[in-house]
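Engineer: Turn this into a structure:
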Amino acid sequence: MKITALLHKHVLIGGGSGFIGRNLSKLLKSKNYEVTVVSRMPGTNRITWLDIQSKGIPEKITSVVNLAGQNVLDPKRRWTPGFKQNVWNSRVNSTRILAEEIIKSKRNLDAFINISGVSLYKPSSSKTYNENHLGESFDFMSKLCIEWEKAATIPENENCRSIKLRTGVVLGPGGGMIESIWMPFVFGLGGPMGNGDQYLPWIHMDDLCNLILYCIENKNVKGILNGVAPQIVTNGEFSKIFASCLKRPALIPFPEFAVKLIFGKDRSALLLTGAKIEPKLTIESGFKYGFPIVKGACEDIIKKVRGK
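Structural biologist: Residues are numbered from 1 along each chain as shown. As a prediction, the model looks like this:
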């Protein structure tokens, strides 16, 4: 597939200071891209959401990536109506702002890439989903994903490719799920969430960042792609593999009632349920995974955390 050759490459990243944004910025800069982050506070190579609304997409920008979103699984935050609204607004409203400003700009942009989730695929023990499944609204998280993608929609005749990446759990050092489970597993106290039978759609951080770069640079890539690894595993299978790579047991499950007590009904669904998802169109687009198997992903992450 032909790679776009750009003399000037400058990516605007909404939510670029988060877990994925930090890693993506590092990759882009290593490939000679300039990066500007949209955040709540101004600073060097930063602009605010208010700047975007009042001044539009800066002239120098060639692609836009949106990663913005309040951390849903922050155990320190109670699932209050206010926090629930923040989770919604930080995804849907920020996405809508970028989409509307891209449409207003009337300039040629290479790509608008919006990261959303896989919660719109209803958990099923028999069905395997790919990008051709539209998804359905069956709980708060699925409704959020659907509205999130609607907000990212720009007309097909706009001078900008639109890519919607539905990502699973992002595995990498320094944040996300690995940071949350690291200490219990290191001390031999780790195990699956609930009974562990639920599927765990996942992707290595390096693969997600490289997939975003691939979408920016390949003119033929557009539409919906599943940002998940090819290997389908359950939460229990992942727990055993991760523990094995640490040379630890995985004997102590985190009880379902405790998950629900800490996170509440809406959020606990992210941990206690999951769908079988394959990246059919992602693979067909020509993208090559660096970490298609969870064992290799875990080994790489553990090595990076330990600095070896």
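Engineer: can you give me the strands for the chain?
Structural biologist: 10-14, 34-39, 46-48, 63-66, 111-117, 128-129, 161-167, 169-171, 202-204, 223-227, 276-277 (DSSP state E).
Engineer: Which of these sits closest to residue 297?
Structural biologist: strand 202-204 (4.4 Å; Cβ to Cβ). (Glycine included, C-beta is placed from N, CA and C.)
Engineer: what does the closest one contact?
Structural biologist: 167-172, 211, 227-229, 233, 238, 289-291, 294, 297, 300-301 (Cβ atoms under 8 Å, 6 or more residues apart in numbering).
Engineer: one step back: and the strands of the chain as CSV, adding mean pLDDT and mean neighbour count?
Structural biologist: Shown next, in CSV, are the strands of the chain (pLDDT from 0 to 100; neighbours: other Cβ atoms under 10 Å):
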stretch, mean pLDDT, mean neighbour count
strand 10-14, 97, 23
strand 34-39, 95, 20
strand 46-48, 95, 16
strand 63-66, 98, 27
strand 111-117, 97, 25
strand 128-129, 98, 18
strand 161-167, 97, 23
strand 169-171, 97, 23
strand 202-204, 98, 25
strand 223-227, 98, 22
strand 276-277, 98, 22
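Engineer: and residue 15, what does it touch?
Structural biologist: Residue 15 neighbours (Cβ under 8 Å, 6+ apart): 21, 38-39, 66-69, 94.
Engineer: could I get the strands of the chain as TSV with distance to residue 187?
Structural biologist: Shown next, in TSV, are the strands of the chain (distance: least, Cβ to Cβ, whole Å):
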stretch	distance to residue 187
strand 10-14	36
strand 34-39	35
strand 46-48	38
strand 63-66	37
strand 111-117	30
strand 128-129	36
strand 161-167	29
strand 169-171	20
strand 202-204	23
strand 223-227	31
strand 276-277	31
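Engineer: just so I know, which of these lies nearest residue 264?
Structural biologist: strand 111-117 (17.4 Å).
Engineer: From the contact counts, what lies against that closest one?
Structural biologist: Packed against strand 111-117, as judged by 3 or more Cβ pairs under 8 Å, 6 or more residues apart in numbering; DSSP states H and E, are the following elements: strand 63-66, helix 81-105, helix 140-151, strand 161-167, helix 205-217.
Engineer: relative to strand 10-14, how tilted is that strand?
Structural biologist: 30 degrees (axes from the mean of the first three to the mean of the last three Cα atoms, to 10 degrees).
Engineer: Let's see strand 111-117 as PDB, backbone CA atoms only.
Structural biologist: What follows is strand 111-117, C-alpha atoms only, in PDB (Å, rounded to 0.1, in the frame of the first residue of the first chain):
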ATOM      1  CA  ALA A 111      -6.700  12.100   8.300                       C
ATOM      2  CA  PHE A 112      -9.000  12.500  11.300                       C
ATOM      3  CA  ILE A 113      -8.500   9.500  13.600                       C
ATOM      4  CA  ASN A 114     -10.800   9.100  16.600                       C
ATOM      5  CA  ILE A 115     -10.200   6.500  19.200                       C
ATOM      6  CA  SER A 116     -13.300   4.900  20.700                       C
ATOM      7  CA  GLY A 117     -14.000   1.600  22.400                       C
END
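Engineer: Relative to the whole chain's centre, how far out is it?
Structural biologist: Centroid displacement of strand 111-117 relative to its chain, using Cα atoms, centre = their mean, to the nearest Å, is 9 Å.
Engineer: Stretch 185-200 too?
Structural biologist: Worked out by Cα atoms, centre = their mean, stretch 185-200 lies 21 Å from the chain centre.
Engineer: buried set for it?
Structural biologist: 185, 190-194, 196, 198-200 (16 or more other Cβ atoms under 10 Å).
Engineer: Of these, which is the nearest to residue 276?
Structural biologist: After measuring the buried residues of stretch 185-200 against residue 276 - Cβ to Cβ - the closest member comes out as residue 199, at 5.1 Å.
Engineer: so how far is residue 141 from the closest one?
Structural biologist: 15 Å (Cβ to Cβ, to the nearest Å).
Engineer: Please apply the same query to residue 183.
Structural biologist: 27 Å.
Engineer: Between the two, tell me which one has more neighbours.
Structural biologist: Just comparing residue 183 and residue 141: by other Cβ atoms under 10 Å the higher neighbour count belongs to residue 141, 20 against 10.
Engineer: Who are the contact partners of the residue nearest to the more buried one when sequence neighbours are not counted?
Structural biologist: Residue nearest to residue 141 in three dimensions, not counting chain neighbours: residue 119, with 3.8 Å by Cβ to Cβ, 6 or more residues apart in numbering. Counting by Cβ under 8 Å, 6+ apart, residue 119 makes contact with 139, 141-142, 144-145, 269-270.
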